[in-house]
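[1] Dropping a prediction and its sequence here:
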Amino acid sequence: MPVLIGLAVVALLIFREIDNTTIGMLEFTWRSLFWLFVAWLFMVGRDLGYILRIRYLTGKTINWLQAFRIIMLWEFTSAISPSTVGGTAFAVIFLHKEGLSVGKSTAVVLATSFLDELYFVLMFPLILAIVGGKVLFSSATVATGAQLMNNLIIVAVIGYIIILLWVLLVGYGLFFNPSSIKKVLIGLFKLPGLRRWKDKAEKAGDDIVASSEEFKDQPISFWLKAFLATFLSWSSRYWVVNAILLAFFNVKEHFLIFARQLVTWIMMIISPTPGGSGFAEIILGRFISDTIPGDPLHTGSLALAIAIIWRLISYYPYLLIGALIVPGWIRKKFVHQNS
């Protein structure tokens, strides 16, 4: 029954998402099906990168099935949580319930977060240098005026600063002063209502310190492989829209489209909606409108249609998979274990 309810909710959300008038502006052919399949393969590459990385960071103590399950649960909670929260808050639970200690799970999650945000810290200045700020945000000027472009630049810069500060904070705590993370954790569990778990928090803090020491002792090649898996995941994510565009149009500005998707994700970091829903479609639609060939009067609507298909490929599958996995996983890991 929980699975059926979950599937019904996902079906309702997809039904509400689809705008027949907007989607009807696109011409579906065999070429479209091929490139939509390629877009789906990029999504597979995204998750494969995550799975490889989580196995690598855990020392391959979890098998492929466990890694797949963790990533799908992680993506599901990311899809239903505000972008400012994401699925990271739940990832420690997923890893712990698959056999890792709480402290080890926390250290692994912090390492994945560090690698994810490091990707943005490195890539954003790189694409600015290659593409240029004016070209990167120029489509917003065409669509709604220079004022919106200026606002989007401000939002992107704020998002980048938040990400940079997070990388510095996590990097310092994980690699230079893991005891500070332990102190924060113990301090948190001294609060009223949480004191009963203070001893477990101290044990988790010790595990975090021990895991951090293990990470610090790893050679550069270890972190290079972990970052390459991260690069595979995030870069695959951003080639999805390129493949969708090729399904319907002859587009050439592929790196510009890639760059604008990356900037969209940076801005989504401060979006209050689950998975950046709503915000992502609007901003991405603005950003790709000038890369679509055709009558300028219709490119805005076509871009919105592409953005909707993008969400159908990159967002709703995780809601569907979550609806299938979560009820059984909770029953197995919480109900049966506790009984």
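    Great, that's in hand.
[2] What mean pLDDT does stretch 203-213 get?
    When pLDDT is averaged along stretch 203-213, the result is 77.
[3] whoops, I mixed them up, stretch 326-339
    Averaged across stretch 326-339, pLDDT comes to 71.
[4] measure stretch 81-100 end to end?
    The first residue of stretch 81-100 is 24 Å away from its last residue (CA to CA, to the nearest Å).
[5] and residue 225, how many neighbours?
    If you count neighbours by other CB atoms under 10 Å, residue 225 ends up with 16. All C-beta atoms are positioned from the backbone trio N, CA, C, and that covers glycine.
[6] for residue 237, same thing?
    When neighbours are defined as other CB under 10 Å, residue 237 has 19 of them.
[7] Check for me that it belongs to a helix.
    Yes - applying DSSP: H, G, I helix; E, B strand; the rest coil, one finds residue 237 inside a helix.
[8] What strand or helix carries the closest residue to it other than its chain neighbours?
    Spatial nearest neighbour of residue 237, chain neighbours left out: residue 46 (4.6 Å); criterion: CB to CB, 6 or more residues apart in numbering. Taking DSSP states H and E as the criterion, residue 46 maps to helix 30-57.
[9] How about residue 327?
    helix 316-330.
[10] the inter-axis angle of that helix versus helix 30-57?
    Angle between the axes of helix 316-330 and helix 30-57 is 40 degrees (criterion: axes from the mean of the first three to the mean of the last three CA atoms, to 10 degrees).
[11] what helices or strands is helix 316-330 leaning on?
    If contacts are counted by 3 or more CB pairs under 8 Å, 6 or more residues apart in numbering; DSSP states H and E, helix 316-330 sits against helix 2-17, helix 64-80.
[12] which stretch in those is the model least sure about?
    Among these, helix 2-17 carries the lowest mean pLDDT, at a mean of 51.
[13] before we move on, back to that, which parts of the helix holding residue 327 are buried?
    Neighbour-count burial for helix 316-330, counted by 16 or more other CB atoms under 10 Å, picks out 316-327, 329.
[14] The longest helix along the chain: which residues count as buried?
    Counting by DSSP state H, the longest helix found in the chain is helix 102-131. Buried residues in helix 102-131, defined by neighbour count with 16+ other CB under 10 Å: 102-121, 123-124, 127-128, 131.
[15] Could you do stretch 211-223 as well?
    Across stretch 211-223, burial judged by 16+ other CB under 10 Å covers 211-212, 215, 223.
[16] Can you pick out the most distant pair from these?
    Maximum pairwise distance among those (CB to CB): 14.6 Å, between 211 and 223.
[17] SS state for residue 252?
    Recorded secondary structure, residue 252: coil (three-state DSSP).
[18] what's the burial count for residue 208?
    The local packing of residue 208 (other CB under 10 Å) involves 25 other residues.
[19] Let's see whichever strand or helix holds it as CSV, backbone CA atoms only.
    Element membership for residue 208 (DSSP H and E) is helix 198-217. In CSV, the C-alpha atoms belonging to helix 198-217 read as follows (Å, rounded to 0.1, in the frame of the first residue of the first chain):
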residue,chain,number,x,y,z
LYS,A,198,25.4,12.3,24.5
ASP,A,199,27.4,9.1,25.0
LYS,A,200,26.6,7.9,21.5
ALA,A,201,27.5,11.4,20.2
GLU,A,202,30.9,11.1,21.8
LYS,A,203,31.5,7.7,20.3
ALA,A,204,30.4,9.1,16.9
GLY,A,205,32.8,12.0,17.4
ASP,A,206,35.7,9.6,18.1
ASP,A,207,34.8,7.7,14.8
ILE,A,208,34.8,11.0,12.9
VAL,A,209,38.3,11.8,14.2
ALA,A,210,39.5,8.3,13.3
SER,A,211,38.0,8.4,9.9
SER,A,212,39.4,11.8,9.2
GLU,A,213,42.8,10.6,10.1
GLU,A,214,42.4,7.8,7.6
PHE,A,215,41.4,10.3,4.9
LYS,A,216,44.4,12.5,5.7
ASP,A,217,46.7,9.5,5.3
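[20] ok so, going back, list the buried ones in the helix holding residue 46?
    32, 35-36, 38-39, 42-43, 45-57.
[21] what packs against that helix?
    The helices and strands touching helix 30-57, judged by 3+ CB pairs under 8 Å, 6+ apart, are helix 64-80, helix 102-131, helix 220-238, helix 240-246, helix 296-314.
[22] what pLDDT, on average, does the shortest one get?
    What helix 240-246 shows for mean pLDDT is 90.
[23] And the second one, by the same measure?
    Confidence for helix 102-131, expressed as mean pLDDT, is 89.
[24] and it, what does it pack onto?
    helix 30-57, helix 88-97, helix 146-171, helix 178-188, helix 198-217, helix 220-238, helix 254-268.
[25] now the angle between helix 102-131 and the second one, please.
    Helix 88-97 and helix 102-131 meet at an angle of 140 degrees, taking the same axes, to 10 degrees as the criterion.
[26] could you redo the buried residues of helix 316-330 as JSON lines and give each row distance to residue 197?
    Shown next, in JSON lines, are those (distance: CB to CB, whole Å):
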{"residue": "316", "distance to residue 197": "36"}
{"residue": "317", "distance to residue 197": "36"}
{"residue": "318", "distance to residue 197": "31"}
{"residue": "319", "distance to residue 197": "32"}
{"residue": "320", "distance to residue 197": "35"}
{"residue": "321", "distance to residue 197": "31"}
{"residue": "322", "distance to residue 197": "27"}
{"residue": "323", "distance to residue 197": "31"}
{"residue": "324", "distance to residue 197": "32"}
{"residue": "325", "distance to residue 197": "27"}
{"residue": "326", "distance to residue 197": "24"}
{"residue": "327", "distance to residue 197": "27"}
{"residue": "329", "distance to residue 197": "23"}
